[in-house]
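> My questions are about this predicted structure, shown below with the sequence.
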Amino acid sequence: MGKLHIPEPETALPGVELEDSQGLLQWISSVDHKQIGIMYLWMALFFMLLGGVGALLMRTQLALPRNGFLDPELYNQIFTMHGTTMIFLVMTPAILGFSVYLSPLMIGANDMAYPRLNAFSFWIAFLGGLLLYFSFFAGGAPDAGWFNYAPLNQRPYSPSPGIDYYCIGLLLAGTGTVSTSVNLVVTILKMRVPSMSMRKLPVFVWMVLVNSFLVLASFPSLNAALAMLLLDRQLQAHFFDNVGGGSSLLWQHLFWLFGHPEVYILILPAFGVLSEVFQVFSRKPIFGYAFVVASGIAIALLAFGVWIHHMFATGLGITVNSFFAASSMLIGIPTGVKIFNWLGTMWGGSLRFTTAMLFACAFLVEFTIGGLSGVSFAIVPIDWQLTDTYYVVAHLHYVFVGGSLFGLFAGLFYWFPKMSGRMIPEKQGKWFFWLFVIGFNLTFLVQHALGAMGMPRRVYTYQDLPGYTILNLISTAGAFIMGFSILYLMYILYKSIKSGSPAPDDPWDAYTLEWLTTSPPKLQNFEEVPPVQSFRPLRDLKQEYPYWQQENDPWKIN
C-alpha cells in the first residue's frame, strides 16, 4: 500500500488555526467536537461540585447518631439529588465528553458525523440538569431516591413537583445522551480513515462504539418509564399506582432494565481509557487486544440479563432468582478477563508511574473490591441479608467511583496536555491522587462493615449502637478529605491552564492518532493521515519516520 506524504517536522499538520475570539459566544455557538467535548467535561465538574456538596451535607448529618443537622424531608431531597446528579449529570457527561472529544481524533476524522446534532445533544442535556436543580426553587426537589421507586413517586407520597422535574429533566438529559450515541455510532462506522478497519480501531474507540449501542438499547426503557410516571402524576394514568390497578413493581422492572446496563455504560469507556493508559505507560501493546474487545462486547450483551438481582427481595420466585443469580455470576467472567489483560500488559513492561498510571493501577484494586462485593449479591441468601444496607452503598461507590471515576481521572491526566496544550505538574497530580485515594477508602471501605452490622441505607439518622458511631465518623472524615481533594484538583487545573509548561504534541510517546496533531488540536484536526497499519498507528509511524520520536521526547518533561 502506498504511503501518503508526511509533512516535514517544522511544517507538520498546519491545519486551520482556531479563531482568535475565544469568548463565551464563540463557545456557545460552537459545533466543533473538541469544544463540545470540553464543555461536557466542564458540565460534569460543575455538577460534581453540586452533588459533592450534597454528599458532604449527608455525611455531616450521619456523623453522629440522632443528629438534627438536617430534617428528614430535606435529607431525602439532598439524598435523591446527590445520586441523580452523580450518575446522570456527572458520570454520563464526563463519559460523553471524552468520547466526543477523542473519537474523531483517534479515527483520523475532522469532526463528528453530525456537528449540529452534537451541539444540540450537549445543550439539551445541560438544560435538563439545570431544570432538575430548578426544582429546589419551585416547591421542592425530588425526594424518592435516585431510583425513584413506586409508590413513593406517586402524588400521595410526594405531593411537591420535584418528581415531575425529575421526569422532565432526565428525559431531556436522556435525549441528549441518546442523540450523542447515534452520532458516535455513525462517526466511528463511517468517518474512519479508509485504511482503519474495525480490527485496527483503538481499544478506546471500540469501547465507545459498544457503549453507544448499549445506550441505544437501554435508555428507551428509562425514557418510557419517565413518560409513564409523568402521565401518572399529571393525568392519573395509574401505570405504577397499585390502588388504581397499576403495578409498582413495573417501575422496578423498567428502571433496572435500564439501571444495570447503566453501570456498564459508565464503565466501558473507562475500560477503554485504561487500555490506552496501561499500554502507553508500560511501553507494551495491550495484552490480548482481541480478548479486550470481545469481552467488552460480551459485557454489553450480558448486561441485559442481570437486572433482576436488584429485585431478589421482591418475591419473584426461585426459578427467576436462580436464573438471574447465574447470569449475574457469568458477567463477572468478561470483566475478570480485562483485569488479567491489563495485568498482562504491565507484566514485563517498562513501567512509568505518572499520575495517570497511578490512577489506572489504583483502579485495579478499587474496582476489584467493588466487583467482588457485587458478585456476592448474585448469591440470593447473601443478597437477602445485605440488600438495603450500607454494604450496597459501599459496593455501588466502589464500582462507580473506584471504577468509572478512577478511570476518568486517569484519562484526564493522560489527555489534559492534548486538550489544553499545557502540562500538569506531576508532583501536584500525585498529591491529588493520594488525597483522593485515602479519602475514598476511608469513606466507603468501612461502610461494608456497617452494612454487615445491619445499618440500613437511605436513613437520615440512626441509634447509638455498638460500632455505628465510630465507623460513621471515619466515613464522614474521609468524605471531607475527598471534597478537599476535588477543590485541590480544580486549583491544579486552573494553574496548569494559566501558567503550566507548554505541552509537546506527543508528551507520552503515545500510540494513537490524536497525538499526531498539535496540542491543543487546531480547528481542522488533520490535513492528511498516513495509512493505518495496526491499532497503534502513531507507533508504526514513529518507527518508519524516526524524527517523530526525536521531536517529541517524552522524558524531557517533569
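Nice, I can see it.
> To what extent is residue 274 buried, counted in neighbours?
35 (other CB atoms under 10 Å). Yep, even glycine has a C-beta here, placed from its N, CA and C like the rest.
> Now do the helix or strand where it lies, average pLDDT.
If you go by DSSP states H and E, residue 274 is part of helix 248-282. Summarised as a single mean, pLDDT over helix 248-282 is 94.
> in it, what's buried?
Applying a neighbour-count criterion of 16 or more other CB atoms under 10 Å, one finds 248-249, 251-282 buried in helix 248-282.
> mind checking the SS state of residue 335?
What DSSP: H, G, I helix; E, B strand; the rest coil gives for residue 335 is helix.
> give me the number of residues near it?
22.
> likewise the one 4 residues further on?
A total of 15 residues lie near residue 339 under the criterion other CB under 10 Å.
> Quickly find the element holding the nearest residue to residue 98 once chain neighbours are set aside.
Once flanking residues are discounted, residue 98 sits nearest to residue 411: 5.6 Å by CB to CB, 6 or more residues apart in numbering. According to DSSP H and E, residue 411 maps onto helix 406-420.
> other SSEs contacting the helix or strand that that helix is followed by?
For helix 406-420, the following helix or strand on the C-terminal side (DSSP H and E) is helix 426-452. Secondary-structure packing of helix 426-452 (3 or more CB pairs under 8 Å, 6 or more residues apart in numbering; DSSP states H and E): helix 355-376, helix 390-399, helix 406-420, helix 468-499.
> Show me which residues of stretch 51-70 are buried.
Buried residues in stretch 51-70, defined by neighbour count with 16+ other CB under 10 Å: 51-52, 54-59, 61-64, 70.
> can you name the two of the residues you listed that are farthest apart?
51 and 64 (23.0 Å; CB to CB).
> Report all helices and strands that the helix holding residue 274 contacts.
Against helix 248-282 (3+ CB pairs under 8 Å, 6+ apart) you get helix 92-106, helix 203-235, helix 289-302, helix 332-346, helix 355-376, helix 406-420.
> ok, 10 Å please
For helix 248-282, the elements it packs on are helix 92-106, helix 162-190, helix 203-235, helix 289-302, helix 332-346, helix 355-376, helix 390-399, helix 406-420, judged by 3 or more CB pairs under 10 Å, 6 or more residues apart in numbering; DSSP states H and E.
> now the shortest one and helix 355-376, what's the angle there?
Looking back up the chat, that one is helix 390-399. Angle, helix 390-399 to helix 355-376, by axes from the mean of the first three to the mean of the last three CA atoms, to 10 degrees: 150 degrees.
> Restrict helix 390-399 to CA atoms and write it as PDB.
Provided in PDB are the C-alpha atoms of helix 390-399 (Å, rounded to 0.1, in the frame of the first residue of the first chain):
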ATOM      1  CA  TYR A 390     -24.700   0.200  53.700                       C
ATOM      2  CA  TYR A 391     -23.000  -2.800  52.100                       C
ATOM      3  CA  VAL A 392     -24.800  -1.900  48.900                       C
ATOM      4  CA  VAL A 393     -23.800   1.800  49.300                       C
ATOM      5  CA  ALA A 394     -20.100   0.700  49.600                       C
ATOM      6  CA  HIS A 395     -20.400  -1.700  46.600                       C
ATOM      7  CA  LEU A 396     -22.000   1.000  44.400                       C
ATOM      8  CA  HIS A 397     -19.400   3.600  45.200                       C
ATOM      9  CA  TYR A 398     -16.500   1.100  44.700                       C
ATOM     10  CA  VAL A 399     -17.900   0.400  41.200                       C
END
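> now that helix against helix 468-499, angle please.
20 degrees.
> what packs against helix 390-399?
If contacts are counted by 3+ CB pairs under 10 Å, 6+ apart, helix 390-399 sits against helix 248-282, helix 355-376, helix 380-386, helix 426-452, helix 468-499.
> Show me the shaky parts of this protein.
For the chain, the stretches with pLDDT under 70 are 1-22, 545-558.
> tell me the contacts of residue 80?
Each residue near residue 80 by CB atoms under 10 Å, 6 or more residues apart in numbering is listed here: 54, 135, 141-148, 152, 158, 162-163, 166, 458.
> Then it would be within a helix, right?
Yes - secondary structure of residue 80 (three-state DSSP): part of a helix.
> how close does it get to residue 267?
Going from residue 80 to residue 267 by CB to CB, to the nearest Å gives 23 Å.
> So residue 194: helix, strand or coil?
Applying three-state DSSP: residue 194 is coil.
> Show the contacting residues for it.
Residue 194 sits in contact with 108, 529, 531-532, where contact means CB under 10 Å, 6+ apart.
> ok, of those, which one's closest to residue 301?
residue 532 (27.7 Å).
> In contact with the residue lying closest to residue 43 once chain neighbours are set aside, which residues?
Spatial nearest neighbour of residue 43, chain neighbours left out: residue 93 (4.8 Å); criterion: CB to CB, 6+ apart. Applying CB under 10 Å, 6+ apart, one finds that residue 93 lies in contact with 39-48, 100, 122, 125-126, 129, 173, 176-177, 180.
> hang on, the earlier thing: does the residue nearest to residue 98 really touch residue 360, like I thought?
Yes - with contact defined as CB atoms under 10 Å, residue 411 and residue 360 form a contacting pair (9.3 Å).
> what is in contact with those two at once?
Common neighbours of residue 411 and residue 360, using CB under 10 Å, 6+ apart, are 270, 273-274, 276-277.
> and which of those residues is nearest to residue 447?
residue 270 (22.0 Å).
> Return the distance of that closest one relative to residue 276.
11 Å.
> Need the residues touching each of these two.
When CB under 10 Å, 6+ apart defines a contact, the residues bordering residue 270 and residue 276 alike are 204, 207, 360, 410-411.
> Quickly check those for the two that are furthest apart.
Comparing all pairs in the shared contacts of residue 270 and residue 276 by CB to CB, the longest separation belongs to 207 and 360, at 14.5 Å.
> Done for today, thanks.
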